[in-house]
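Undergrad: this one's sequence-less:
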């Protein structure tokens with residue numbers, strides 16, 4: 001129908017604008033130009049979720065959020081958005097090997113001097129023999145034609161060097177992976 005077409009075109013335009021901004025931000029990152037501003041963490045997460053919404057639907061992944069809408073930081077929003085996108089993309093890929101009720105839970109909270117973004121997927125966890133290597137450059141569990149091994153490496157590097165935060169990954173409840181993104185208040 002015309003109304004569905006209009007909604008679909010609007011969604012495509014919104015995603016195109018977000019992706020275009022991401023490309024510009026990545027180019028600025030390579031040049032060393034970064035826009036530091038105050039922003040709400042929840043808005044950054046919602047933006048990443050909207051970009052990946054179609055993939056969540058395609059892979060039948062349920063997203064549950066518990067976001068503190070009052071948490072603000074003064075940092076580079078696009079860099080944080082890129083980190084969240086990389087982590088969520090890894091979760092989506094991990095589900096390709098499972099036939100379970102697929103779930104990703106995202107929550108935000110404040111802990112001492114940090115804002116925490118917690119992302120938990122139930123895709124089976126990370127094998128113990130490789131969990132310490134996942135932030136290494138060029139480390140991938142995929143075939144070379146499917147991955148470069150740079151997503152988590154760059155996420156870790158951006159978070160620790162540019163945002164002065166921490167990225168922690170652990171297995172959780174024997175069936176899940178828990179990622180903690182810790183960003184200091186400034």
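TA: Thanks, I have it. This is a predicted model, so every value here is computed, not measured.
Undergrad: Check the spatially most central residue of the chain and give its pLDDT.
TA: Nearest residue to the geometric centre of the chain (C-alpha atoms, centre = their mean): residue 84, 1.7 Å. With respect to pLDDT, residue 84 has a value of 95.
Undergrad: helices and strands around the helix or strand containing it, which ones?
TA: Under the criterion of DSSP states H and E, residue 84 resides in helix 77-95. Contact analysis of helix 77-95 by 3 or more C-beta pairs under 8 Å, 6 or more residues apart in numbering; DSSP states H and E lists helix 2-31, helix 41-58, strand 61-66, strand 102-111, strand 114-121, helix 151-157, strand 176-184 as its packing neighbours. From N, CA and C alone the C-beta is placed, and that goes for glycine too.
Undergrad: rerun at 6 Å
TA: Packing partners of helix 77-95 (3 or more C-beta pairs under 6 Å, 6 or more residues apart in numbering; DSSP states H and E): helix 41-58, helix 151-157.
Undergrad: The first one packs against which elements?
TA: If contacts are counted by 3+ C-beta pairs under 6 Å, 6+ apart, helix 41-58 sits against helix 77-95.
Undergrad: by how many degrees do the helix it packs on and strand 61-66 diverge?
TA: If you take axes from the mean of the first three to the mean of the last three C-alpha atoms, to 10 degrees, helix 77-95 sits at 140 degrees to strand 61-66.
Undergrad: Figure out how far helix 77-95 is from the centre of its chain.
TA: In terms of C-alpha atoms, centre = their mean, to the nearest Å, the gap separating the centre of helix 77-95 from the centre of its chain is 2 Å.
Undergrad: and if you look at stretch 112-123?
TA: Relative to its parent chain, stretch 112-123 has a centroid offset of 11 Å by C-alpha atoms, centre = their mean.
Undergrad: Any chance of TSV for the helices and strands packed on helix 77-95, columns distance to residue 111, mean neighbour count and mean pLDDT?
TA: Shown next, in TSV, are the helices and strands packed on helix 77-95 (distance: least, C-beta to C-beta, whole Å; neighbours: other C-beta atoms under 10 Å; pLDDT from 0 to 100):
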stretch	distance to residue 111	mean neighbour count	mean pLDDT
helix 41-58	13	17	92
helix 151-157	20	19	82
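Undergrad: Adding distance to residue 74, write those out as JSON lines.
TA: Putting the helices and strands packed on helix 77-95 into JSON lines (distance: least, C-beta to C-beta, whole Å) gives the following:
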{"stretch": "helix 41-58", "distance to residue 74": "12"}
{"stretch": "helix 151-157", "distance to residue 74": "20"}
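Undergrad: Nearest to residue 168, out of those?
TA: Nearest to residue 168 among the helices and strands packed on helix 77-95 is helix 151-157; the distance by C-beta to C-beta comes to 10.0 Å.
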